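[1] Just a sequence and a predicted model for now, questions to come.
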Amino acid sequence: MREIGHFIGGKHVRGTSGRKADVFEPMTGDVIATVDLATKAELRAAVENAKAAQPAWGATNPQRRARVLMKFLELVQRDYDALAELLAREHGKTIPDAKGDIQRGLEVVEFSLGIPHLMKGEYTEGAGPGIDIYSMRQPLGVVAGITPFNFPAMIPMWKFGPAIAAGNAFILKPSERDPGVPMRLAELMIEAGLPAGILNVVNGDKDVVDAIIDDPDVKAIGFVGSSPIAEYIYGRGCANGKRVQAFGGAKNHMIIMPDADMNQVADALIGAGYGSAGERCMAISVAVPVGEDTANRLVEALVPRVEALKIGPSTDVNADFGPLVTREALNRVKSYVEAGVSEGAKLLVDGRNFTMQGYENGFYMGGCLFDHVTTDMRIYKEEIFGPVLSIVRAKDYQEALRLPTEHEYGNGVAIYTRDGDAARDFAAKVDVGMVGVNVPIPVPIAYYTFGGWKRSGFGDLNQHGADGIRFYTKTKTVTSRWPSGIKDGADFVIPTMG
Ligand code: NAD
């Protein structure tokens, strides 16, 4: 059995707390590894290593820092298949989907290769008599990322790629459910030439997260996970004077206008609602057909597709989706389905009793589809994070626009229509951070920024793109003049350039 410790100062170290968590293989239900849960002292050791290594890394010219990341990209490409298989085995998603998880992370590392340009400041000659002003971006020092189970490659890379490119030292606290890939990524960074101590991985649960939030040497925390934890980390981190961005859960709607192509809509919903067993923060979990006729046509198109979903073990490349991450997650999703039934929603397809032949202990369930869901039901209000899609029928466009706008989450949303006016109005007015027009999962590309609104995101900068660099750097502005520009005599009036 694999025993996963921590990665501190460029080396694997075993945990000392005596506390461990099991890492499951969701497709079989077997425990395939254990992971040590770090203590405050172990976090402190990682921070000390990071603090010692950071000044030299921060002083390394940005082109050289970018070259290390370039080599890292090559090494991940070399090990792509093995990484994807490890990811699929620990998470449960299929291998092609695991490759997508890695690829979306690599794209942010690729973006970070532009760090010499991204770190450039501004310069104004002659802002006042003999006065020049310039600004520069500097790393923060030691920074951290705390990441969820559902993208164990992508989200760690979204965090450490820009942060390390910018000259920081990084503490990664990945999810304890699937820590294998983050550990491999840290090894590959060292193989790529990253100095020891610049990327440290501490595994653990609330104890180590609290230690990160309270450590005075950790200057910034980028968090991704569920909203209650995001809110907690944001509040406590800010109270400790840290820079914090914390991204949370979601309830992503897809609005279906009467003029939309129903085949395209149904295909999009099947992929976006059930891909990765619905365990994506950008999964569509609510379909909003506009008008009764649209709703009836949608149901007719969706039901056979949901019934035909191919569920399989993560290693089956032909499966549409694999198992959920843990038995606990499976039971939680099933209890939501029960709640929906008892609250009066109409369960059109019930995947609760699905079992996978030959993998009877795996954490599988089939796709579920609810119709006539209303806004007072728990299955509408709360994030289910499973292969469950709810149809909420809207009588007109205005009602459809109000639903995602008034929902407490505001991560992603999509509209399907051929009507440019409706799409434009929707994109302008909907109170959600990321909008798709005939695109079901509008995850922005690496050089744009990613971030939800309302309870889907706490803090004021998004992830990746320009904001990713801003978050992990600080701006210094220098106002300078030379003796030839200085007049004799003291000046007691606030300086102006006038
Ligand atoms: P989670 O909140 O349970 O865990 C996220 C991280 O927080 C993990 O590293 C975990 O160890 C840590 N953690 C868990 N409980 C904690 C506690 N009580 N105190 C301190 N730290 C704690 O989330 P998850 O189940 O791993 O991931 C799924 C969630 O993440 C979903 O809600 C999903 O929508 C969200 N998510 C959001 C985005 C986004 O960008 N908005 C992206 C991916 C996932």
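    The structure has been received and is ready for your questions.
[2] for the ligand, what are the nearby residues on the chain?
    Counting by CB under 6 Å from any ligand atom, the positions of the chain adjacent to the ligand are 146-151, 173, 175-176, 205-206, 209, 224-226, 229, 247-250, 281, 383, 385, 411, 452, 456. In this view, the C-beta of every residue, glycine as well, is placed from N, C-alpha and C.
[3] Just the buried ones from those?
    146-151, 173, 175-176, 209, 224-226, 229, 247-250, 281, 383, 385, 411, 452, 456 (16 or more other CB atoms under 10 Å).
[4] Among the residues you listed, which ones are in strands?
    146, 173, 224, 247 (DSSP state E).
[5] Let me see the domain layout of this protein.
    2-248+456-478, 252-437 (automatic domain parsing).
[6] okay, which residue is most central for this structure?
    When CA atoms, centre = their mean is applied to the chain, the residue found nearest the centroid is residue 155 (4.8 Å).
[7] what does the helix or strand where it lies contact?
    Element membership for residue 155, per DSSP states H and E: helix 154-165. For helix 154-165, contacts defined as CB atoms under 8 Å, 6 or more residues apart in numbering pick out 57, 62, 65-66, 69, 101-102, 104-106, 108-109, 111-113, 115, 118, 143, 145, 147-148, 170, 172, 174, 181-182, 185, 189, 194, 198-199, 222, 224, 450, 463-464, 468-469, 471-472.
[8] Put the alpha carbons of that helix into CSV.
    Coordinates of each C-alpha in helix 154-165 appear next as CSV, following Å, rounded to 0.1, in the frame of the first residue of the first chain:
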residue,chain,number,x,y,z
MET,A,154,-5.8,21.6,-12.6
ILE,A,155,-6.4,23.7,-9.5
PRO,A,156,-3.0,23.1,-7.9
MET,A,157,-1.4,24.3,-11.2
TRP,A,158,-3.7,27.3,-11.4
LYS,A,159,-2.3,28.3,-8.0
PHE,A,160,1.4,27.4,-8.0
GLY,A,161,2.0,28.2,-11.7
PRO,A,162,1.5,32.0,-11.5
ALA,A,163,2.7,32.2,-7.9
ILE,A,164,6.0,30.5,-8.5
ALA,A,165,6.5,32.2,-11.8
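[9] For that helix, give the mean pLDDT please.
    In this model, helix 154-165 has a mean pLDDT of 98.
[10] got the buried residues for that helix?
    154-165.
[11] Same check on stretch 312-320?
    Result for stretch 312-320 [16+ other CB under 10 Å]: buried residues 312-314, 316, 319-320.
[12] circling back to that earlier point, quick check, nearest of the ones in strands among the buried ones among the residues of the chain next to the ligand to the ligand?
    The ligand has its nearest neighbour among these in residue 247, at 3.5 Å by CB to the nearest ligand atom.
[13] Phi, psi for the residue in the stretch 151-300 of the chain that the ligand sits nearest to please.
    Here the residue of the stretch 151-300 of the chain nearest the ligand is residue 225; by CB to the nearest ligand atom that distance is 2.6 Å. Here is the backbone geometry of residue 225 (degrees, to the nearest 10): phi 170, psi -150.
[14] ok, now which ones touch the nearest residue to it once chain neighbours are set aside?
    Among residues not flanking residue 225 along the chain, residue 148 sits closest, at 4.4 Å (CB to CB, 6 or more residues apart in numbering). Residue 148 makes contact with 155, 175, 224-226, according to CB under 8 Å, 6+ apart.
[15] Contacts only, for the closest residue to residue 5 other than its chain neighbours.
    With CB to CB, 6+ apart as the criterion, residue 5 has its nearest non-adjacent residue at 4.3 Å, and that residue is residue 14. For residue 14, the contact set (CB under 8 Å, 6+ apart) comprises 3, 5-6, 36.
[16] farthest-separated two in the residues you listed?
    3 and 6 (11.4 Å; CB to CB).
[17] I'd say the residue of the stretch 151-300 of the chain closest to the ligand and residue 250 touch.
    No. Counting by CB atoms under 8 Å, residue 225 stays clear of residue 250, with 11.7 Å between them.
[18] of the contacts of residue 14, buried ones?
    5-6, 36.
[19] Just put the residues you listed in TSV and tack on pLDDT and secondary structure.
    Formatted as TSV, these follow (pLDDT from 0 to 100; DSSP: H, G, I helix; E, B strand; the rest coil):
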residue	pLDDT	secondary structure
5	98	coil
6	98	strand
36	98	strand
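[20] Ranking helices and strands of the chain by mean pLDDT, which lands last?
    Ranked by mean pLDDT, DSSP states H and E, the weakest helix or strand in the chain is strand 123-128, scoring a mean of 94.
[21] For that one, which strands pair with it and how are they oriented?
    Strands that pair with strand 123-128, judged by DSSP bridges, come out as strand 131-139 (antiparallel).
[22] Contacts for the partner strand, please.
    54, 58, 119-127, 166-168, 469, 472-481, 485, 497.
[23] ok and the helix or strand hosting residue 188 relative to helix 154-165, angle-wise?
    Here residue 188 sits within helix 180-191, counting by DSSP H and E. Helix 180-191 runs at 20 degrees relative to helix 154-165, counting by axes from the mean of the first three to the mean of the last three CA atoms, to 10 degrees.
[24] which residues touch helix 180-191?
    2, 4, 7, 10, 12, 23, 33, 68, 72, 75-76, 79, 83, 86-87, 89-90, 102, 147, 152-153, 156-157, 160, 164, 172, 174, 196, 198-201.
[25] Got phi/psi on residue 397?
    The phi/psi pair for residue 397 (degrees, to the nearest 10) is phi -60, psi -40.
[26] which intervals of the protein have sub-threshold pLDDT?
    498 (pLDDT under 70).
[27] just the CA coordinates of stretch 375-391, formatted as CSV?
    Extracted as CSV, the C-alpha positions of stretch 375-391 are listed here (Å, rounded to 0.1, in the frame of the first residue of the first chain):
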residue,chain,number,x,y,z
THR,A,375,-37.2,27.2,-6.1
ASP,A,376,-38.2,26.4,-2.5
MET,A,377,-36.8,22.8,-2.8
ARG,A,378,-33.5,21.8,-1.3
ILE,A,379,-32.5,20.2,-4.5
TYR,A,380,-32.7,23.6,-6.1
LYS,A,381,-31.2,25.7,-3.4
GLU,A,382,-28.2,23.5,-2.5
GLU,A,383,-25.3,22.2,-4.4
ILE,A,384,-25.7,18.4,-4.9
PHE,A,385,-22.4,17.7,-6.7
GLY,A,386,-23.5,14.5,-8.3
PRO,A,387,-25.1,13.2,-11.5
VAL,A,388,-28.4,14.9,-10.9
LEU,A,389,-30.1,17.4,-13.2
SER,A,390,-33.1,19.4,-12.2
ILE,A,391,-35.6,21.0,-14.6
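[28] What residues of that stretch count as buried?
    Of all the residues in stretch 375-391, those buried under the rule 16+ other CB under 10 Å are 377, 379-380, 383-391.
[29] Which members of these occur in helices, if any?
    Among the buried residues of stretch 375-391, the members found in helices (DSSP state H) are 379-380.
[30] one step back: roughly how far apart are the residue nearest to the centre of the chain and residue 372?
    35 Å (CB to CB, to the nearest Å).
[31] for the protein, what's the longest helix?
    With secondary structure taken from DSSP H, the chain has its longest helix at helix 40-59.
[32] Show me what it is packed up against.
    In this structure, helix 40-59 packs against strand 6-8, strand 131-139, strand 142-146, strand 169-173, strand 199-201, helix 206-214, with contacts taken as 3 or more CB pairs under 8 Å, 6 or more residues apart in numbering; DSSP states H and E.
[33] could those go into a markdown table alongside distance to residue 339?
    Below are the helices and strands packed on helix 40-59 laid out as a markdown table (distance: least, CB to CB, whole Å):
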| stretch | distance to residue 339 |
| --- | --- |
| strand 6-8 | 39 |
| strand 131-139 | 47 |
| strand 142-146 | 29 |
| strand 169-173 | 32 |
| strand 199-201 | 37 |
| helix 206-214 | 27 |
